[in-house]
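Engineer: Build me a structure from this.
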Amino acid sequence: MIVAISTLITLIGLWCVLRKYFTTVTTLATLLLLALGTNFFLMSVYSGAIQASILLALMTLVMWMTQRWYEKPGWVEAGIAGLAMGCLILIKPAGFASILLFFFWGAYNKETFNEKWRIFREHSDQVLTILVLFLGGLFIRLFNPTVFEGTWFSDYVPHQRALYLLGPWLWPVLFSIKNGWLIYTPVVLFSLPGFNILANRNKKLFFATFLYCLAFLLLLASSPEVTAPDNFSQARMTEIFAVLFIPIGYFISWVLEGRWLRKTAFGLILVAVVGLNLFQTWQYRHRILDPWFTTTEYYSAVFLKTHSKSGDRQLMDYSQMDPASYLNNYDDFKVTTLAYYDFENDPGGFGGHVNETYHNSGKASFRLDSALQFTPTYSIPLGKLAGNYPLGIRASVNIYFPSITDTSKLGSLIISQRHNNILYHYSAFILKGRDYQAGKWYEIRLDYILPRPGDPGDELISYLWYPGKKCIYADDFKVELFEHKDQ
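Structural biologist: Residues are numbered from 1 along each chain as shown. Purely as a prediction, here's the structure:
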């Protein structure tokens, strides 16, 4: 519902703004380019970015109300514009650029600035209202940034420094192979010739729109969070479309004014760019493209392809992967049980640590205490795991605490690789610090990724380790292999 309302506001607002400068055909073509050539389609159809859709609607309201206010100043326009600007700066620092659009609208030389100052003096109460609403959002952001934390009206993440000057992350924002704006939304490149046409045809509009886009881009690229590849096609840039599609509209108008050769050449280019955007959106929806894992080599391997091969996925970057999130899509994998220990019988050599006093399933479990700190270790040579890499490994076990003390939760569920008795790529699920109660069984699990084949002679191992002085019981120890199905 929120995305639908935001989409409706955006389309109506942009229609009203664009019709002031373009014909009906040009306006329709511009809005169609927005809908199909950007991540607007992804947001509107799949509701994947609620905050981004809200921000785009708010910036559209700023544009629309600013245009109306300068045509005929009124309290409704001033109130909506000021409230929208306050919300924008409240949600994220780059929203500061919206106030620049309002104050520089229609001005580009001494005469137009003098005329603007005259309008501000005549309607100083409305201008002051806009400023107060904007500063209200700014002050909340500065002095109580967590007030809306966890809602769509806050992107606040605690860190020591909110902004770094001069946009140090401008390159990854625009060109990162993971989610770079120009890589996955190439249609915005048409704004460059569009700004040139706008500067020649409408100087009053050029200065404010260009200043806003430049300020917004630099402010966004100065925030540390922008480097996180947690969205497709740099969704944090979405609100700039409310302004950027004015120069793009001028470019489309220039194309439609030309002869058949210009229309045909640029028409084919625009269709190709829109097609590329829609296809990459489809790849993202089908998890062929994933911002977290995409590398230049992988992008090249799956470019314009409808599926990825196992060899292609070995080119992905798994350094930032959360294994649990990756393996959570259970239907994407062929799952094989590598080992299952129910401890119904003594595995041999464990001196009677198979115990029938407590059990999660069956009739027995495995006791760990100061005399025996490890369950039987599962191990398999990496060479025997050859398959559809990357491979996922999931170890799970049920544990039971007869009593709880500070030292009774010192254990860990381990998955590691081993070379000549030296462990590497070690991962552990640590029991300490978790809210366990005595007298209950708890299932714990640990997920692990093997991104590519290793040394065939090395081993993958998994076990439960307990260095405490009391005792705990383990049952139903299982190791599973997750092999990705071909897409």
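Engineer: Quick one: end-to-end length of stretch 326-336, please.
Structural biologist: Start and end residues of stretch 326-336 are separated by 17 Å (C-alpha to C-alpha, to the nearest Å).
Engineer: Going by neighbour count, which residues in it are buried?
Structural biologist: By 16 or more other C-beta atoms under 10 Å, the buried positions in stretch 326-336 come out as 326-327, 333. For glycine as for every other residue, the C-beta is placed from the backbone atoms N, C-alpha and C.
Engineer: Make JSON lines from those residues and add secondary structure and distance to F102 to it.
Structural biologist: Formatted as JSON lines, the buried residues of stretch 326-336 follow (DSSP: H, G, I helix; E, B strand; the rest coil; distance: C-beta to C-beta, whole Å):
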{"residue": "Y326", "secondary structure": "helix", "distance to F102": "45"}
{"residue": "L327", "secondary structure": "helix", "distance to F102": "49"}
{"residue": "F333", "secondary structure": "strand", "distance to F102": "52"}
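Engineer: and the closest residue in space to E480 that isn't next to it in sequence, how many neighbours?
Structural biologist: In space, E480 comes closest to R394 once its chain neighbours are excluded; the distance is 4.6 Å by C-beta to C-beta, 6 or more residues apart in numbering. Per other C-beta atoms under 10 Å, the neighbour tally for R394 reads 22.
Engineer: Just say helix, strand or coil for R394.
Structural biologist: Here R394 is recorded as strand under DSSP: H, G, I helix; E, B strand; the rest coil.
Engineer: what sits against it?
Structural biologist: The contact partners of R394, by C-beta atoms under 8 Å, 6 or more residues apart in numbering, come to 327, 445-448, 479-480, 482.
Engineer: What is the least confident helix or strand in this protein?
Structural biologist: None of the helices or strands of the chain scores lower by mean pLDDT, DSSP states H and E than helix 310-313, at a mean of 74.
Engineer: Work out the gap between it and the centre of the chain.
Structural biologist: Centroid separation for helix 310-313 versus its chain: 23 Å, with C-alpha atoms, centre = their mean, to the nearest Å.
Engineer: Only C-alpha atoms, please: export it in PDB.
Structural biologist: Extracted C-alpha coordinates of helix 310-313, given in PDB (Å, rounded to 0.1, in the frame of the first residue of the first chain):
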ATOM      1  CA  SER A 310      28.700 -23.700 -11.500                       C
ATOM      2  CA  GLY A 311      32.000 -22.500 -13.000                       C
ATOM      3  CA  ASP A 312      30.600 -18.900 -13.200                       C
ATOM      4  CA  ARG A 313      29.600 -18.900  -9.500                       C
END
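Engineer: And the residue nearest to E480, how far from V243?
Structural biologist: 48 Å (C-beta to C-beta, to the nearest Å).
Engineer: How about K309?
Structural biologist: In this structure, K309 and V243 are 42 Å apart, going by C-beta to C-beta.
Engineer: Compare the two (neighbour count), which wins?
Structural biologist: Between K309 and V243, counted using other C-beta under 10 Å, the more crowded position is V243 (24 against 13).
Engineer: so who does the more buried one touch?
Structural biologist: 59, 63, 101, 209, 212-213, 216.
Engineer: Specify the local secondary structure of it.
Structural biologist: Here V243 is helix, with the state taken from three-state DSSP.
Engineer: mean confidence score for stretch 414-424?
Structural biologist: Stretch 414-424 carries an average pLDDT of 91.
Engineer: Span of that stretch from start to end?
Structural biologist: Using C-alpha to C-alpha, the span of stretch 414-424 from its first residue to its last is 12 Å.
Engineer: So what touches that stretch?
Structural biologist: Against stretch 414-424 from outside (C-beta under 8 Å, 6+ apart): 379, 382, 393, 395, 425-428, 446, 448, 454-455, 457-465.
Engineer: so where's the stretch 301-450 of the chain uncertain?
Structural biologist: 310, 346-351, 386-387, 405-409 (pLDDT under 70).
Engineer: all strands in it, in order from the N-terminus.
Structural biologist: Taking DSSP state E, counting those that start in this stretch, the strands of the stretch 301-450 of the chain run over residues 333-341, 354-355, 365-368, 378-381, 391-400, 412-419, 422-430, 441-450.
Engineer: Show me what the second one is packed against.
Structural biologist: Of the remaining helices and strands, those touching strand 354-355 by 3 or more C-beta pairs under 8 Å, 6 or more residues apart in numbering; DSSP states H and E are strand 365-368.
Engineer: State the distance from E297 to Q314.
Structural biologist: 9 Å.
Engineer: These two: which has the busier surroundings?
Structural biologist: Per other C-beta under 10 Å, whichever of E297 and Q314 has more neighbours is Q314, with 17 against 13.
Engineer: Can you give me every residue that contacts the more buried one?
Structural biologist: 389-390, 451-452.
Engineer: Now for L83, how many residues are close by?
Structural biologist: Using other C-beta under 10 Å, L83 has 20 other residues around it.
Engineer: Could you find the closest non-adjacent residue to T60?
Structural biologist: G13 (3.8 Å).
Engineer: Tell me how many other residues surround that neighbour.
Structural biologist: Neighbour count of G13, defined by other C-beta under 10 Å: 22.
Engineer: what does the one 3 residues further on give?
Structural biologist: Taking other C-beta under 10 Å as the criterion, the count of residues near C16 is 15.
Engineer: now do T129
Structural biologist: Using other C-beta under 10 Å, T129 has 17 neighbouring residues.
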